[in-house]
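> Only the shape, not the letters, is given here:
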């Protein structure tokens, strides 16, 4: 007999995951991937305003154009599973189900949730709208200035002030708390330092994460809640009582998830990384695209961002391209072992 813990303990499981995760609850909840593994997000493209022409006849308001869409396809790729047994000799028969639920909760806390968070952080950095390089590792003398640069980048991208999160390791957090720039802000800030608390910097909520969670070459990550997405679903969690070959309970679990930056809101994600870890931008000229040796290039002809657009294609060397009417060729490059380059236009 198999007892389905995914339905029996779904609320408790979800609560445990949310509490244990550094990311869950800080991502967009606009899109629901429940029951599906692929979702297409359509972002309408607005048009530039023109001067009203009284003598323009039917074109008084400008030339009529059908509204276009940029499509981003989100597919959940992480499909994970686990299995373990609880020997009857170690537990009373009536406690099997309860102990199975406890083991499932422990599995989520110690393995599943950390793995999902680490994956999400890597994805958020790789897909960030801005990946800035730091010539040297931040110090307490310049960490606040570097965070200010991130805040300015979000401001310039018209990202809302609320629900901004600054993810950094304890090492970077310590630099912030001991920074002269931070300590000199006001008395309240100094009181915060005395308590070992650094709740906000430039209006961004500070989230300390273990060093192993952020990629090694990442100093910090800023993400607005509505710019990132992390769908997570417990697909299967069962306990089998006395299956063949086992004296006790056999627990099997499966869950799938993924993480994305929404292309239409990519300006709300900023990562500061080590020097020489970002690919060089390609060059777009005369309809052709060139990049460093071994770099893979993706491009679009409809003016959409090739990092997120469903219309992006892999570029074949020396191919002559022609952009769609009224658009430009846009491309980015990825070198082995490096983060994607900025987008080039031509």
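In hand now; what should we look at? What you are looking at is a predicted structure, and each value in this text was computed from that prediction instead of being measured.
> just the strands in the stretch 151-300 of the chain please.
Counting by DSSP state E, counting those that start in this stretch, residue ranges of the strands within the stretch 151-300 of the chain are 164-169, 200-201, 204-209, 218-224, 228-229, 232-241, 248-257, 260-261, 269-274, 283-285, 288-290, 296-300.
> next one: the second one to chain centre, how far?
Just to be clear, that refers to strand 200-201. 21 Å (C-alpha atoms, centre = their mean, to the nearest Å).
> re earlier: per-stretch mean pLDDT over the strands of the stretch 151-300 of the chain, give me the minimum one.
Per-stretch mean pLDDT for the strands of the stretch 151-300 of the chain is lowest at strand 232-241 (a mean of 75).
> Quick one: the helices in the stretch 1-150 of the chain, in order.
Secondary structure of the stretch 1-150 of the chain, counting by DSSP state H, counting those that start in this stretch: helices at 5-8, 10-20, 96-107, 113-126, 143-156.
> Could you list the low-pLDDT ranges of the stretch 51-200 of the chain?
For the stretch 51-200 of the chain, applying pLDDT under 70 flags the ranges 90-101, 182-198.
> rerun that using 50 as the cut-off
Flagging of the stretch 51-200 of the chain using pLDDT under 50 yields the residue ranges 93-97, 186-188, 190-197.
> The residue nearest to residue 71 when sequence neighbours are not counted: neighbour count?
Among residues not flanking residue 71 along the chain, residue 310 sits closest, at 3.9 Å (C-beta to C-beta, 6 or more residues apart in numbering). (Glycine included, C-beta is placed from N, CA and C.) For residue 310, the tally of surrounding residues (other C-beta atoms under 10 Å) stands at 15.
> List the contacts of the spatially most central residue of the chain.
Nearest to the mean C-alpha position of the chain, counting by C-alpha atoms, centre = their mean, stands residue 124 at 2.8 Å. When contacts are counted by C-beta atoms under 8 Å, 6 or more residues apart in numbering, residue 124 touches 221, 223, 228, 259, 261, 269, 271.
> If residue 333 is in a bridge, with which residues?
In this entry, residue 333 is beta-bridged to residue 297, by DSSP bridges.
> Quick check: residue 346 vs residue 201, distance?
38 Å (C-beta to C-beta, to the nearest Å).
> what are the phi and psi values for the closest residue in space to residue 59 that isn't next to it in sequence?
Distances taken as C-beta to C-beta, 6+ apart put residue 53 closest to residue 59, at 6.8 Å, once the chain neighbours are dropped. Main-chain torsions, residue 53, degrees, to the nearest 10: phi -110, psi 110.
> Pretty sure residue 53 sits against residue 63.
No - the pair residue 53 and residue 63 fails to qualify as a contact (C-beta atoms under 8 Å) at a distance of 10.7 Å.
> any shared contact partners between these two?
With contacts taken as C-beta under 8 Å, 6+ apart, residue 53 and residue 63 have no neighbour in common.
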